[in-house]
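Q: no FASTA, just this:
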């Protein structure tokens, strides 16, 4: 007969352990037992109970950041849904608002942070006004009347980065007004999230290597804008490789307006992507 202790329990060394099988550490057994007791007290499921026991209560914003799954800018841009109007939008923001469906600034108050006519047609003026303002949308109007631009989910910082985001997109009304959702074309990011925007201090906004490039960097050509669709942003529905109007010069156009709109944040709010992005889940 197997000897028993005074308490009636079989001693741990009474039953030999089969070769190659390790006994669980006594401390671990006790720890799991306490976790099970904690789980029973909290009336939670097994996994949640173990997590809370070992790591404490789940944070609503772990490490100060919202959960990625709750961030709309982690998904490709929609081309079939449009945002509702927001009271207080100026004339240009009202044109852009419907395009912002399922973005981080869909219903946030917008402000014009950069106007080339007022602040200057040069990279320094652009970055002084736009850097650190978070997700933003770039508005362009060409000499032919075409209205176009792009959404930069991770904004600009002017420190020399390639910023990736699958949520970026370009848009165009090639023939100009009326600026209705029935007439607009949205062109999502293609080829993965990489190079959604190129953020260089010596240049204006650039979407992809050549998707939509507003250099602002050459005297006499500071209002020149270039576009080549396909490698980084979807082509036009007819297969065209330019978002400009029929009266523009193919993949090249001259701007008469350039503005950037970003969200308005309270003093105690964190502005998303308002600095360097050392790493990111895209």
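A: Yep, that arrived. All values derive from a computational prediction rather than experimental measurement.

Q: When you work out contacts or count neighbours from here on, use the C-alpha atoms and nothing else.
A: OK.

Q: isn't residue 167 right up against residue 153?
A: Yes. If you go by Cα atoms under 8 Å, residue 167 and residue 153 touch, sitting 6.6 Å apart.

Q: which neighbours do these two share?
A: Contact criterion Cα atoms under 8 Å, 6 or more residues apart in numbering; residues shared by residue 167 and residue 153: 73, 103.

Q: Please settle this for me: is residue 94 part of a helix?
A: Yes. Checked against DSSP: H, G, I helix; E, B strand; the rest coil, residue 94 lies within a helix.

Q: and the nearest residue to it once chain neighbours are set aside, what pLDDT?
A: Leaving aside its sequence neighbours, residue 94 sits nearest to residue 85 (Cα to Cα, 6 or more residues apart in numbering; 6.9 Å). In this model, residue 85 is scored at 96, pLDDT.

Q: which residues does residue 85 contact?
A: 94, 97-98.

Q: quick check, it in a strand?
A: No. Residue 85 is assigned coil when assessed by three-state DSSP, not a strand.

Q: Look up how far residue 188 lies from it.
A: Residue 85 sits 22 Å away from residue 188, going by Cα to Cα, to the nearest Å.

Q: so where do the helices sit in the stretch 101-250 of the chain?
A: Ranges of helices within the stretch 101-250 of the chain are 116-119, 123-130, based on DSSP state H, counting those that start in this stretch.

Q: contact partners of stretch 108-121?
A: Residues contacting stretch 108-121 (Cα under 8 Å, 6+ apart): 86, 88-89, 93, 122, 125-126, 129-130, 216, 222-223, 257-264.

Q: Selection in ChimeraX covering whichever of these are buried, please.
A: Listed next is the ChimeraX selection for buried residues among these, using 16 or more other Cα atoms under 10 Å:
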select :86,93,122,125,126,129,130,216,222,223,257,258,259,260,261,262,263,264
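
Q: Quick one: mark the members of the contacts of stretch 108-121 that sit in strands.
A: 257-263 (DSSP state E).

Q: wait, which of those residues is closest to residue 228?
A: Nearest to residue 228 out of the ones in strands among the contacts of stretch 108-121 is residue 258 (Cα to Cα; 18.8 Å).

Q: Show me what the closest one bridges to in the sheet.
A: Residue 258 has these beta-bridge partners by DSSP bridges: residue 140.

Q: My guess is it contacts residue 147. True?
A: No. Judged on Cα under 8 Å, residue 258 makes no contact with residue 147 at a distance of 10.0 Å.

Q: Common neighbours of the two, please.
A: Joint contacts of residue 258 and residue 147 (Cα under 8 Å, 6+ apart) are 139-141.

Q: For this structure, just list every one of the strands.
A: 110-115, 136-142, 147-152, 161-163, 169-173, 185-188, 197-199, 206-207, 212-214, 224-227, 252-263.

Q: Could you list the paired strands of the fifth one along with their orientation?
A: When sheet partners are counted by DSSP bridges, strand 169-173 sits next to strand 147-152 (antiparallel), strand 185-188 (antiparallel).

Q: Reformat the ones you listed into TSV and put distance to residue 102 next to each item.
A: Shown next, in TSV, are the strands paired with strand 169-173 (distance: least, Cα to Cα, whole Å):
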stretch	distance to residue 102
strand 147-152	12
strand 185-188	13
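
Q: okay, these in CSV with mean pLDDT, mean neighbour count and distance to residue 197 next?
A: Putting the strands paired with strand 169-173 into CSV (pLDDT from 0 to 100; neighbours: other Cα atoms under 10 Å; distance: least, Cα to Cα, whole Å) gives the following:
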stretch, mean pLDDT, mean neighbour count, distance to residue 197
strand 147-152, 98, 26, 7
strand 185-188, 98, 22, 13
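
Q: Residue 250: which of those is closest?
A: Of these, nearest to residue 250 by Cα to Cα is strand 147-152, at 14.2 Å.

Q: Now do the closest one: distance to the chain's middle.
A: Here strand 147-152 is found 15 Å from its chain centre; the criterion is Cα atoms, centre = their mean, to the nearest Å.
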